[in-house]
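Visitor: Quick one, structure for this:
(chains A and B)
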Amino acid sequence: MQLSPPVHFEKLHSLLRSTACRRFPAVTGHIHAYLLKSGIFQSPPFPSSLFNAYTKSDLHHDARNLFGEITHPDVFLYSSLLAAHARSNSPSSFLPIFRRMISVHLLLPDDFILSTLVNACARFPSIRLGRQAHAYTVVSPFYDDDVIKSSLVDMYSKCGLVNDARMVFNSIELKNFVCWTAMVSGYAASGRLSEALELFWRMPERSVFVWTVLISSLVHSGSHFDALKLFVEMLREGIDINDAFVLSAVVGAAADMALLVLGRQLHCLSISLGYESNIMLGNAFVDMYAKCSDIASSRMTFDKILMTKCVVSWTTMIVGEAQHGRAQESLVLFNRMVSSGVRPNEVTFVGLIYACSHMGFVQKGRELFKSMLRDYGIEPSLQHYTCLLDLLGRSGNLSEAANLIRVMPCEPDEAAWAAFLSACNKHGDIKLGVHVADELLKLRPQFSSTYILLSNTFALAGMWSSMANVRKLMDTMGIKKQAGYSWIDVGRESCLFRAGEVPCHMRANILGLLKELMKEMKKRGYVPDTSSVLHDLEEDEKEIQLFTHSERLAVAFGLLKSASGSAIRVVKNLRVCGDCHTVMKLISSISGREIVVRDANRFHHFEFGRCSCGDFW
DNA sequence: CTAGGGTTAG
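Guide: Predicted coordinates:
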């Protein structure tokens, strides 16, 4: 069938703009060949829309070849070129491209390319480039264009200059969803949550976008409960939650709070909404199951990801296996990932070194650290150094760790010092520990975490007066140590135990069971470690104090409430101490049950008197 | 062909 020329043009052009070219990159090539054959290749807008289609499906080689053949470049072409450079993170080329367009091809910037330019500066937050781009827009005929202003609001927000963003925002005549969202997002991202919320409630109408911004930033800042409340509020307002972005933010909240029941409900919901093959949600669920201690479901969800697994999917699973003490599995996954052609990123290596650290694979960890830069061109960051410090410290290579913390190219933060100090504590090098603690106090007296670290070290060293001084300092500075608690799910029941508090209705049963277990444990050679208990009590009183450790209460509750033979999962626990570790191993062998304890984001699987971490924790 | 959201670590 012969189409009349105008329709013909239009059809091909809209085909190039459609997602068909992105999903089936060969289509672009066919259209290219057809245009060449029919001699209309050089007629606008084809050269530019072809170029755009190539770059959007990452066919950069074809795009470059095409670029050389174009006789009359237009602004559209430059706009696509700029967007392509922004996607590949080469910010230094933005302004040269822009200037070449003006001075070599004598083209005047239009509104499209100006917002593309501003957007490019926002992607790679660069305030210097961003301000130059802003300058270009104000001297252009589009100085009052609302779309450009929206992208400026976004650019200043992403650069962290919220006040500048607000000034541009205020100057927008007709504010639409987009600029409101960009502004709220700016406040949320820079931690100014109250301003974000104030603006949010002032919006004439709230779209899914802006709800997502707030929910995810609440999850990110650790206010999980507020995030869930906001999600409920959103449902009440009748906003359609058939949206992968908002769902994954809520799944993240469920993961961090270890709310397995909610997580499962969200999983069912997203399958019924047709997101079964959505890669982003798939990744979120793999993570959620792992963090809720259900590693089997996590792995099943991972295996079921229908699309090509991306670096995030692999990394999530590697970290998940590592968190559950299955470092060997993490390393196998890493090999499978590399051989399937997916490039690891910096997070992948955090997970891998962490896995080695968990299981004491010292040499393997060192090798992976070296391979980062050598084989993948990833510059190790402070976090990688902290992982390596942790690995060396845990395995007793204290002098190597001490050397590393001195020579590493980045300034150690609290986490790095904490890794080193806990290694000193673990391996009994109290002198080194106290020395480091002193250094730390001089270095960062302004951080509250310093005092908690110090107090622990002094306690271990038996330097009670120094410890008392640190405690006094903590009091005057208003620093509180969070009380220990454990949280367990049994069937449909959830229960939270605070350290030292035994709930009345279970008191007799739980304490009875713990006394029973203590007798059995002692028969097997357990010597209660009462060093963490107030030292002016009688010995048997100290032992009873041990019963009120929250994780012991939770496990006793689990033993009483669940069917015999089933695993007991303490889904959240503030800290697994050395004595707890011994006790859990014993209880697992006495009761013949698997006990899973989540300690921060690390899991201990106790079974047959052993722990999955191989005691390298 | 231009502007706003998300998943992995700590």
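Visitor: before we move on, which element is the closest residue to DNA strand B within chain A in?
Guide: Here chain A gets closest to DNA strand B at one residue, A:M280, 2.6 Å apart by CB to the nearest atom of the strand. Where C-beta positions appear, they are placed from N, C-alpha and C, glycine not excepted. In the assignment (DSSP states H and E), A:M280 maps to helix A:279-291.
Visitor: How much space separates the residue of chain A closest to DNA strand B from A:S564?
Guide: 40 Å (CB to CB, to the nearest Å).
Visitor: domains of chain A?
Guide: Listed by automatic domain parsing, the domain ranges of chain A are A:398-476, A:485-611.
Visitor: what's stretch A:276-285 in contact with?
Guide: Residues outside stretch A:276-285 that contact it (CB atoms under 8 Å, 6 or more residues apart in numbering): A:244-245, A:247-248, A:251-252, A:255, A:263, A:266-267, A:270, A:275, A:298, A:301-302, A:304-307, A:309-310, A:312-313, A:316.
Visitor: The same query, at a cut-off of 10 Å, please.
Guide: A:244-245, A:247-252, A:254-255, A:263-264, A:266-267, A:270-271, A:273, A:275, A:297-298, A:300-302, A:304-317 (CB atoms under 10 Å, 6 or more residues apart in numbering).
Visitor: Quick one: distance of that stretch to the chain centre.
Guide: Using CA atoms, centre = their mean, to the nearest Å, the distance from the centre of stretch A:276-285 to the centre of the chain it belongs to is 15 Å.
Visitor: again with stretch A:330-347
Guide: Relative to its chain's centre, stretch A:330-347 lies at 18 Å (CA atoms, centre = their mean).
Visitor: Same question for stretch A:218-229.
Guide: Put simply, stretch A:218-229 sits 14 Å off its chain's centre (CA atoms, centre = their mean).
Visitor: Please export the alpha-carbon coordinates of that stretch; PDB is fine.
Guide: Provided in PDB are the C-alpha atoms of stretch A:218-229 (Å, rounded to 0.1, in the frame of the first residue of the first chain):
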ATOM      1  CA  LEU A 218      10.600   8.900  55.500                       C
ATOM      2  CA  VAL A 219      11.700   5.300  55.000                       C
ATOM      3  CA  HIS A 220      15.200   6.600  54.100                       C
ATOM      4  CA  SER A 221      15.500   8.700  57.300                       C
ATOM      5  CA  GLY A 222      14.400   5.800  59.500                       C
ATOM      6  CA  SER A 223      10.800   7.000  60.200                       C
ATOM      7  CA  HIS A 224       9.300   3.800  59.000                       C
ATOM      8  CA  PHE A 225       6.200   4.100  61.100                       C
ATOM      9  CA  ASP A 226       5.400   7.600  59.800                       C
ATOM     10  CA  ALA A 227       6.000   6.300  56.300                       C
ATOM     11  CA  LEU A 228       3.400   3.600  56.800                       C
ATOM     12  CA  LYS A 229       1.000   6.100  58.400                       C
END
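Visitor: Where do the strands of the stretch 401-550 of chain A begin and end?
Guide: Remark: strands assigned in the stretch 401-550 of chain A by DSSP state E, counting those that start in this stretch are A:485-490, A:493-498.
Visitor: Out of those, which is the most enclosed?
Guide: Highest mean neighbour count of these: strand A:485-490, a mean of 22 (counted as mean count of other CB atoms under 10 Å).
Visitor: interface residues of the stretch 301-450 of chain A facing DNA strand B?
Guide: Counting by CB under 7 Å from any atom of the strand, the stretch 301-450 of chain A comes close to DNA strand B at A:310-312, A:315-316, A:319, A:345-348, A:350-351, A:354, A:383, A:386, A:415.
Visitor: From the contacts of stretch A:276-285, which land in helices?
Guide: Among these, DSSP state H puts A:244-245, A:247-252, A:254-255, A:263-264, A:266-267, A:270-271, A:297-298, A:300-302, A:311-317 in helices.
Visitor: Which of these are buried? Put it as a ChimeraX command.
Guide: Those of these that count as buried under 16 or more other CB atoms under 10 Å are selected in ChimeraX with:
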select /A:244,247,248,249,250,251,252,254,255,263,264,266,267,270,297,298,301,302,312,313,314,315,316,317
